[in-house]
Structure formats: structure tokens, C-alpha cells
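**Q** here you go, sequence then predicted model.
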Number of protein chains: 4
Amino acid sequence: MSPRNPARDRQLREARTSQILDSALTVIARRGLSGTKVADIAETAGVSVGNVYKYFASKEDIFEALVHRGQQEYRDFVEEALAMSGSPVDKLVWYTEQWIAKREWAITILLQYARTSEAVPARLKQAVSAKFIDNLRPMAAIIEQGQQSGDMVPGDPMELALIYVSLMEGLTLHDIPDTPELTSGIADRALRLLLREH
Amino acid sequence: MSPRNPARDRQLREARTSQILDSALTVIARRGLSGTKVADIAETAGVSVGNVYKYFASKEDIFEALVHRGQQEYRDFVEEALAMSGSPVDKLVWYTEQWIAKREWAITILLQYARTSEAVPARLKQAVSAKFIDNLRPMAAIIEQGQQSGDMVPGDPMELALIYVSLMEGLTLHDIPDTPELTSGIADRALRLLLREH
Amino acid sequence: MSPRNPARDRQLREARTSQILDSALTVIARRGLSGTKVADIAETAGVSVGNVYKYFASKEDIFEALVHRGQQEYRDFVEEALAMSGSPVDKLVWYTEQWIAKREWAITILLQYARTSEAVPARLKQAVSAKFIDNLRPMAAIIEQGQQSGDMVPGDPMELALIYVSLMEGLTLHDIPDTPELTSGIADRALRLLLREH
Amino acid sequence: MSPRNPARDRQLREARTSQILDSALTVIARRGLSGTKVADIAETAGVSVGNVYKYFASKEDIFEALVHRGQQEYRDFVEEALAMSGSPVDKLVWYTEQWIAKREWAITILLQYARTSEAVPARLKQAVSAKFIDNLRPMAAIIEQGQQSGDMVPGDPMELALIYVSLMEGLTLHDIPDTPELTSGIADRALRLLLREH
DNA sequence: GATGAATGAGAGTTCATTCAT
DNA sequence: TATGAATGAACTCTCATTCAT
């Protein structure tokens, strides 16, 4: 028997948790929550079915953890864009390129499901919607900077942020792996919609 | 011989079919395909479970019929926009207002699911994607007219059509009944992205 | 409207009843009772499903009528063999040839099912078994005649009748349409088992 | 790693499989295939419904396994008769007594159903019929030995084997538990049909 | 902790029977 | 009387969850 090592135990536990969530993200995004079997998640994660339940109480619990993690990661990402050096337009360009590169289709589908499905508890739906609105703020801040520098179109920054994020999401949902309807230049083209003509 | 009236029978059959599809559209959009019980569809349609199977061979069959009908209705709608009298900008305005008014969220969710879910047969996925692209053409034609009249931004009309439709869809998915994140002016605001500044 | 004719009405009713029973016999023998849908019977009989219920109260009712008719027809047949002119051996030959010619596989299967299946009410099972035993008597009488004339093997005539009928049935069940394992001479060969060597 | 014992697991698996087949044999023989619920099989076997599906893909799959096992067991049985020491008549006597003692009614009913029902896939029907014919060979060999020793009636051994087996089956189907029409001496009497008078 | 066999509630689908026309 | 659409109970099969090892 190996000697107990609480720190290492916790670390292993977190690694397993992440591993299960990563697998769950992909399969749930591809098949929907009720279309995904716990056995699918377990298999993709390379663990046994029973073991999944050592880390999560239920399939719903996995979904909720997934949603929270996804929204937090997005928050970190958009704040990183806001905090970076460079002009507001540079920030927007970086955000857009990163979004495309990271292929956020999986979490986009999941969050859309979380906001719209009746199968999701109202409590969670409201939390997700509220967090989504809150997550628009860094983007709105970038847009506001762009308006002050005269580089971006006028209008309520929060509204413009919602429009831009919706557009990113809408485009993303047409660029799922294996169903590519997007040519590479389209996101670039979309970006320019926010910019003033000169 | 027969105590039935064949013409009336057929009429009733078509009415029932529509009734079931209408119900299915709403509940499947709200709960997902695998999250929806045939019993839910039946109850919403006000018919018995068994009777649903007189009209559709399976739940998947209902879904497929729904998708076909949805894409055809969209085609009719966008061609109506193209055919109407008035300037290209008028057509785009009408299209946008109608889209918002018709609250196309249900079919938007369904078609997104049809294009992206692994649970959907590849054959159907491809058909839906192809039809989606084809359905961009009338919108591209409107944009081309707008470019010729100097009212709309330059760029490949098909690309711009994809962007605009993606934006509509993205916004729609944030304006589901009971989860309204959209203020009334946002769609109007979005529309202006395609217009040239003067 | 045609004028009422009670005699003709009854005749038509009997014809319909026979027609339904004939269809039922074939399909139930081929698919089993619970494997047969009332719709199958109706379709084979060329009537509507609803109309079947004008003549029989239930599927079980059809089955019971079938069994009764089958056992009565067999009784008539074996009594005809007993009553015919000629030697006991001639009677047995005629009986055997007729049995083979009439291809009684359908009713044989049905009666076997009626006697052995738990799905059949005990009351009916007992009636069928009793009638089966009773129906052995004419055959036993033929055998007794054959023993008296010295042409048939000795032994209890009822036992020998049971053996011979079981053999006929056993052979019949290997000569179902589309599954012929029987060569034409086998029944003839079987017949000789009852005859004395000379 | 694994806390399981693979050898023991496999053993348990085989035991469960047999247990389910044994239960299935009895209930399907008594109620017919479509008259038998998987729940009946599960209950008789003392396992849960869901667990049955861990061992067999479908009810049809159980039926097929049952048929294969039954025909193989019969083959072993009849070959044992052929291989035993003693005269051909001794072999036939042993075979007959064993058949009666083993009360093969269940598998007899099942195989008859497999050969005759339209509900059984043609592929399986043909396989069963072919195996049935093949399984006649050891019996035919016994009869041939009996003919050579002058103890059995002349004739094509395969034909006589078919007749004898059909007779056994026919008698068996009149001696189902709870429907006994057979007196104990009848099988003995039947056996003598193949023997020459002296 | 790790495993996967076992459970049983629940979903899709069928079909005997009824009934409005 | 004849029809076949409508009903819903019952069946097959699935899968989230538990638990003995």
C-alpha cells in the first residue's frame, strides 16, 4: 500500500474531475443531455461507470458543473481580452481570433441548452442567464473604449456587446466539426461590422 | 358501400398531421428531441399516444417532418421578402421585423439541433445543411440589390447573408420565451450593421 | 334500400363467419395466436377490422370457434371413414390419404396449441382434450374391425388409435407448407406399421 | 487494479445464461414466443428484467439460443444411444425410455414452432430444419443395425427414423404436464411398431 | 477507490377493442 | 351494416443509479 498523501489525493481527484468534465462536454454537446448516457461519458473519460458517481452525484450534477466551468472560463477569457495591451480594435481582433481558434462550439451549444431547455431547473437557468449578461460587461467595456477612440460604431455598448456575442455564437453554431459552412474569412468579415468606415 | 367520406377523411388527416407537428415543434424545441416523450407531444396535440403513430412512424419521423416543414416555410418567407415591392432596405427591414415577430426560436433551435447532433442521421444532417445554404440565396439576392443601390456594405453577398442570418439566429436564441435578454431595439440595431453609413 | 330478407341475411352472416374463420385458421396456424393481429385476420378475410367484431366478440372468441369447428370437421371426417364401404384396411388407407391430401397442418397446430398453451383457458383446454379422446373412437372402431379380420396388429384399439393419430400429427408437423421434410411415400410407409406382416 | 475476479465473473456469466435459458424454455413452451413476456422469463429465472438484456440482445435472441441448445442436446442424446453397448433393440428401448423420462415436451414444442412459424426468420427456420434432418442420422444408424440383425422392419432407415421420431414427438405433444392423455404403456407399444413380429 | 453486474422505473411502440360516421 | 380512426393498456427495451466484491 502506498502511504496516504492528502495533497496528492486531492490533486488526483481534481484531475479525474476535470477529465470527466472534458469528456462530458464533448459528448453532451454532440448528443444533448438526455441523449447522452453516463456510460458514454465514462467510456470517453476512460473510467468505469461506477467511478463517475464517486465524483458527481448525478448526470445533472455533471451538467451543472460543466456550465459553471464553461461560463467561468469564458469570463477569464474575455477579461484577458480587456486587460491586454493594445488598442480596443486589437482587443476585439484578438478576442475574435481566439474564439474561432478555440472552437467554442461545444460550450456554446451547452449554454444555449442551459438557457432554453425546460429540462433544466429554473434556478440553474436563471443563474446562467444572469451570468451571461454579467459576462457581457468586459466586452461592453472594450466597445466603449473603441467608441471613445472613434474606431467603433456608436450605440449602447451592452447592446452592441450582446449583438456581437450573439453573432459569434450564431456563426459558431454553423461551424461545428463535420458541418463546416463557414469560410475562414467570415469571422473576419463579421468583425468589421462593429468598425466605423473611414 | 363505405359509410365514410374520403375527401373529408383526407382533410381530417392533414389537419391532424399539422396539429401534431405544431405541438411537436414547441415541445421538442423546449426539451430537446430525446428529452421529449411522445406522450408529451400527444398530450399537447390533444390526441392519444397511439394515434400519433397513425400519422408518424416514429419520434424520429416526426422530427424529420418538422425539419422539412420548417425549412420550407423559411424558404417561402425569405422569397416573399425578396419578391415584395420596395427598396432592398425595405425588404431587409420587413424580413427582420417579421423574423422577430414570428418568434422563430422554436424552429431555429430545432434546425441547429438537426445540423449538429450526432443523434441525427448523417443523411438528414447533410440535407438540412444543404438546404440551409440554398435558403441563403434569396437573402443574398436582396443584399446584392442593396449593394447595387449603394445602400449596403460591400462584400460577397452569400457571406453577408450567412452573417446576417447567423446574427438573427444568435439573437433569437437569446430571446426564447421566458428567457428574454433582448430589448426591442436590438434587432433594429443589428439590422443597421449591414447598412452603409451616410 | 333492398327489402329485408331474414333468410338471406342469416345466410350472408354465416358466409362471413366462415370466411373470417378460414382466414383466421391460416394466419393463426402460421403465426400463433398472440402473434396474430386481428388486423391480419381482417385483411386476409377481406373485411374491415371493425367488422370482424360484428361477428366475434374477441380474438379469443375466434380461436375458440376455430377449435370447435376443427374438431367437429375432424369428427365428421373420421366417421365418414368408419362408415364407408370396404375392408378396415381400405378405410385406414382412405383416412390416411385424405389426411395427407387435406393437409391438416393448420388445424393440427391449432389444436396442439389449444391443448398445451397456458394462454388458453383451462375450461377450453379440457373440452378440447376430452373431445380429442372422444374423436379417437371411430378410429378405434376401424382398428377393432381390422383386428377381427386379422389384418391389423393386436393391442388395445384406443391405444393404437392414439398412436396412429399421434403419428399422423407428428408427420404432419414435419410437412408444413414451405418446410417439407416428408417424401410422398412416408405416410404410406407409416400406415403399414399398423398392418400385420404376412 | 481490478477488484474483480475475471475467471469467477465468466463462470457466473455462464451460470446466469443457462439459468435464463432454462426458465425461458419452460415459459415459452407453455405460452408461445409472442405470448411470453420477457418479464415472465426474468421472474422465473429470478433476475430482473434489465439483467436479462445483459445476457441476450432480445427475446428473439433468447429463442434462437434455446433452439440451438435444444438441438445440440438432442444430438448428444441420440449419439449416446447409438454409442452405447448392447443390441440395436436395446438402444431403441433406451432411447425411447429416456425420451419419455426426460419429458422433452418443452423443446419439442419449441422446435416445432421454430420450423413452422412465420414469425421466425427464414434463416433460422432453414437451419433448424437442416439440423433436424442431420439429427436423424444416428437414429437411422441404429435402425440399420436392427435391420441387419433381422430385428427391425425393412425400409429406408432415414424414412423409418423420421417416422419414429415423428411418432415420439406426436405422442409427446399429447403428454404435456397437466394434460396427460398418455398411459404409461403407450410408448412401449409404439416402440414395437418398428420391431419384426416373430 | 475502482469495477461492472444488477435493478427497476420509464420511454417508445404495438395492437385489441371501441365508436362516430 | 361497414369502416378505420382513436384509445390506452401492455409490452419490449434502455439506462441512471446502486452495490457487492
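**A** Yes, it's here.
**Q** now the residue of chain A found nearest chain D. Nearest residue, chain neighbours left out?
**A** Nearest to chain D, among the residues of chain A, is A:Ser48, at 9.5 Å (Cβ to the nearest Cβ). (Glycine included, C-beta is placed from N, CA and C.) The shortest distance from A:Ser48 to any non-neighbouring residue, by Cβ to Cβ, 6 or more residues apart in numbering or on different chains, is to A:Ala42 (6.1 Å).
**Q** hmm, back to that, can you give me the distance of the residue of chain A closest to chain D to B:Val93?
**A** To B:Val93, A:Ser48 is 58 Å away according to Cβ to Cβ, to the nearest Å.
**Q** need phi/psi at A:Met152.
**A** Phi and psi for A:Met152, reported as degrees, to the nearest 10, are phi -120, psi 160.
**Q** let me see the contact set for it.
**A** With contact taken as Cβ atoms under 8 Å, 6 or more residues apart in numbering or on different chains, A:Met152 is in contact with A:Pro88, A:Val89, A:Leu92, A:Ile143, A:Gly146, A:Leu160, A:Leu194, A:Leu195, A:Arg196.
**Q** phi and psi next, for the fifth one.
**A** This means A:Gly146. Dihedral angles (degrees, to the nearest 10) for A:Gly146: phi -60, psi -40.
**Q** got a pLDDT number for it?
**A** On the pLDDT scale, A:Gly146 is placed at 92.
**Q** next: the last one.
**A** According to the prediction, A:Arg196 has pLDDT 69.
**Q** what residues does chain A have near DNA strand E?
**A** By Cβ under 7 Å from any atom of the strand, the part of chain A that sits against DNA strand E consists of A:Arg13, A:Arg16, A:Val47, A:Ser48, A:Val49, A:Gly50, A:Asn51, A:Tyr53, A:Lys54.
**Q** among those, which ones lie close to DNA strand F?
**A** With Cβ under 7 Å from any atom of the strand as the criterion, the residues of chain A next to DNA strand E include A:Val49, A:Gly50, A:Tyr53 near DNA strand F.
**Q** so how far is the helix or strand containing the second one off the chain centroid?
**A** It refers to A:Gly50. A:Gly50 belongs to helix A:49-55 when elements are defined using DSSP states H and E. Chain-centre distance of helix A:49-55: 25 Å, with Cα atoms, centre = their mean, to the nearest Å.
**Q** what residues sit buried inside it?
**A** If you call a residue buried by 16 or more other Cβ atoms under 10 Å in any protein chain shown, then helix A:49-55 has these buried ones: A:Val52, A:Tyr55.
**Q** show me what it is packed up against.
**A** helix A:6-31, helix A:38-45 (3 or more Cβ pairs under 8 Å, 6 or more residues apart in numbering or on different chains; DSSP states H and E).
**Q** CA-only coordinates of the shortest one in CSV, if you can.
**A** Yep, that's helix A:38-45 we're talking about. The C-alpha coordinates for helix A:38-45 follow below in CSV (Å, rounded to 0.1, in the frame of the first residue of the first chain):
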residue,chain,number,x,y,z
VAL,A,38,-23.4,8.2,-18.3
ALA,A,39,-21.8,5.2,-19.8
ASP,A,40,-20.7,7.3,-22.8
ILE,A,41,-19.2,9.9,-20.6
ALA,A,42,-17.4,7.2,-18.6
GLU,A,43,-16.1,5.5,-21.7
THR,A,44,-14.8,8.7,-23.2
ALA,A,45,-13.1,9.6,-19.9
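**Q** what about it, near DNA strand F?
**A** Yes - Helix A:38-45 reaches DNA strand F (Cβ under 7 Å from any atom of the strand) through A:Val38, A:Ala39.
**Q** just the buried residues of that helix, please?
**A** Result for helix A:38-45 [16+ other Cβ under 10 Å]: buried residues A:Val38, A:Asp40, A:Ile41, A:Ala42, A:Thr44, A:Ala45.
**Q** is it possible to get those residues out as JSON lines so that each row also shows distance to C:Glu79 and pLDDT?
**A** Shown next, in JSON lines, are the buried residues of helix A:38-45 (distance: Cβ to Cβ, whole Å; pLDDT from 0 to 100):
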{"residue": "A:Val38", "distance to C:Glu79": "69", "pLDDT": "97"}
{"residue": "A:Asp40", "distance to C:Glu79": "69", "pLDDT": "96"}
{"residue": "A:Ile41", "distance to C:Glu79": "73", "pLDDT": "97"}
{"residue": "A:Ala42", "distance to C:Glu79": "71", "pLDDT": "96"}
{"residue": "A:Thr44", "distance to C:Glu79": "74", "pLDDT": "95"}
{"residue": "A:Ala45", "distance to C:Glu79": "77", "pLDDT": "95"}
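**Q** low-confidence stretches in chain A?
**A** A:1-5, A:103, A:176-185, A:187, A:196-198 (pLDDT under 70).
**Q** where along chain A do the helices fall?
**A** A:6-31, A:38-45, A:49-55, A:59-83, A:88-102, A:105-116, A:122-148, A:157-172, A:185-191 (DSSP state H).
**Q** so can I have TSV of those showing distance to B:Gly155?
**A** Listed next are the helices of chain A as TSV, based on distance: least, Cβ to Cβ, whole Å:
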stretch	distance to B:Gly155
helix A:6-31	31
helix A:38-45	40
helix A:49-55	48
helix A:59-83	25
helix A:88-102	16
helix A:105-116	24
helix A:122-148	21
helix A:157-172	15
helix A:185-191	6
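**Q** now do stretch A:37-52: distance to the chain's middle.
**A** Its chain's C-alpha centre and that of stretch A:37-52 lie 23 Å apart, by Cα atoms, centre = their mean.
**Q** who touches the residue of chain A at minimum distance from DNA strand E in this structure?
**A** Of chain A, the residue with the smallest distance to DNA strand E, taken as Cβ to the nearest atom of the strand, is A:Gly50 at 1.7 Å. For A:Gly50, the contact set (Cβ under 8 Å, 6+ apart) is empty.
**Q** A:Ile142: how many residues sit nearby?
**A** If you count neighbours by other Cβ atoms under 10 Å in any protein chain shown, A:Ile142 ends up with 27.
**Q** distance-wise, check it relative to A:Ala57.
**A** For A:Ile142, the distance to A:Ala57 equals 39 Å [Cβ to Cβ].
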